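*Asks:* model the following, please.
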Amino acid sequence: MIDAQASNNNNFKIKGYSGISFLYSNWTYSFLLVVQLVALGFFLQGLIIYFQYDKSNDWRVGLLWAGAIIATVSCIFISISTFANNQTFFKIGLFFVGITLIITLLDIGLLVSTKNSNIGDLQYCSKEKSIEPSTCVKLWGQQFCGNYIILQCAQLSRGFKKLLLSQAAVSLVQAFYIGLSLLKLFRQTKRKSSSSYRPLIDLQRKSNADLAQNVVQLKNFSIEKNYLEVSIKSLEITIKTMGRVRTIFENTRLFWLQIKAQCDSLSDVSNIKDLAEVAELSVIYQTDFTNQIK
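*Replies:* All right, here's what the predicted structure looks like:
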């Protein structure tokens, strides 16, 4: 199902088609083809009415009918080419539609000249003439008398209007066919030209993405490097601190060993001198221990 919707910028769009592509979509060509067939039906009806008195001998009948048939066949051909998406047949159909448009315009000129000649022959079709019941006129090998002349003049005028309006509709449809087909060819050629640069555009985008990724990696590497340097400095400080702690503990152990040796060497605890030396030595080692901790 086709959904018609209004976009934010108030452009009419058909689902499945972008931008103005709906103008030369299959739905548009289908609509034009239907109008063409309806116009052909009216043309046939007008042709029968207008030339009913001389169907076999008037050379204009065949010419007008042939022009209408050729125009219809060309429209059918280009529509089917569009449905099948065949560019070669589409271009051929576009060429024939252009030719038939010229033929249709010539047919319209022929119709105008035909009306003038026929109405001129049928003099009593003029509203200025008063038609009596006994008034008769011979036209196309037949006699027209009285009110019958008025009826036939009205019939003649009605047939001419149908012919002229149907031919005008056909020419308008052909003009739309040509305009929309040229727009379609232009858009497709432009799209094809832009698509030829698609690999380069994709390569450029990939290069930009790789460059951005490399920049991010460099930033991450710089952060990791700074973090590693800080970690190394912290480790060095820790190692130095552990070395100092080890030295402190080693000195402490030596200090107590010396104290113990001094105590073991004392034979007489009452010897004040030896006790004074032990106390002095203890103060020295304690001071040294305090300085090392600082």
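*Asks:* wasn't Ser234 part of a helix?
*Replies:* Yes: applying DSSP: H, G, I helix; E, B strand; the rest coil, one finds Ser234 inside a helix.
*Asks:* and it, what does it touch?
*Replies:* By CB atoms under 8 Å, 6 or more residues apart in numbering, the contact set of Ser234 is empty. (Each C-beta comes from the backbone N, C-alpha and C, glycine too.)
*Asks:* ok, which stretches of the stretch 51-200 of the chain are strands?
*Replies:* Assignment of strands within the stretch 51-200 of the chain using DSSP state E, counting those that start in this stretch yields the ranges 136-139, 142-145.
*Asks:* with respect to Gly179, which of those lies nearest?
*Replies:* strand 136-139 (42.4 Å; CB to CB).
*Asks:* tell me the mean pLDDT for that closest one?
*Replies:* Predicted confidence along strand 136-139 averages 70 (mean pLDDT).
*Asks:* one more: stretch 187-201?
*Replies:* Averaging pLDDT along stretch 187-201 yields 64.
*Asks:* avg pLDDT for stretch 44-56?
*Replies:* When the per-residue pLDDT values of stretch 44-56 are averaged, the result is 70.
*Asks:* before we move on, the earlier item: dump the strands of the stretch 51-200 of the chain to JSON lines, plus distance to Val97 and mean neighbour count.
*Replies:* Conversion of these to JSON lines gives the following (distance: least, CB to CB, whole Å; neighbours: other CB atoms under 10 Å):
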{"stretch": "strand 136-139", "distance to Val97": "38", "mean neighbour count": "15"}
{"stretch": "strand 142-145", "distance to Val97": "40", "mean neighbour count": "14"}
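*Asks:* in JSON lines: those, plus distance to Gly67.
*Replies:* Supplementary listing: these in JSON lines, determined by distance: least, CB to CB, whole Å:
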{"stretch": "strand 136-139", "distance to Gly67": "25"}
{"stretch": "strand 142-145", "distance to Gly67": "27"}
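*Asks:* ok, and what's touching stretch 27-46?
*Replies:* Outside of stretch 27-46, the residues within contact range by CB under 8 Å, 6+ apart are 2, 14, 22, 64-65, 68-69, 71-72, 75-76, 78-79, 82-83, 158-167, 169-170, 173, 176-177, 180.
*Asks:* if we go to 7 Å?
*Replies:* Outside of stretch 27-46, the residues that reach it under the criterion CB atoms under 7 Å, 6 or more residues apart in numbering are 2, 68, 72, 75-76, 79, 82, 159, 162-163, 165-167, 169-170, 173, 176-177, 180.
*Asks:* again with stretch 74-81
*Replies:* Residues external to stretch 74-81 that are found in contact with it (CB under 7 Å, 6+ apart): 29-30, 32-33, 36, 89-90, 93-94, 96-97, 100, 173, 177, 181.
*Asks:* tell me the buried residues in stretch 38-56?
*Replies:* Of the residues in stretch 38-56, those with enough neighbours to count as buried (16 or more other CB atoms under 10 Å) are Ala39, Leu40, Phe42, Phe43, Leu44, Gly46, Leu47, Ile49, Tyr50, Phe51, Tyr53.
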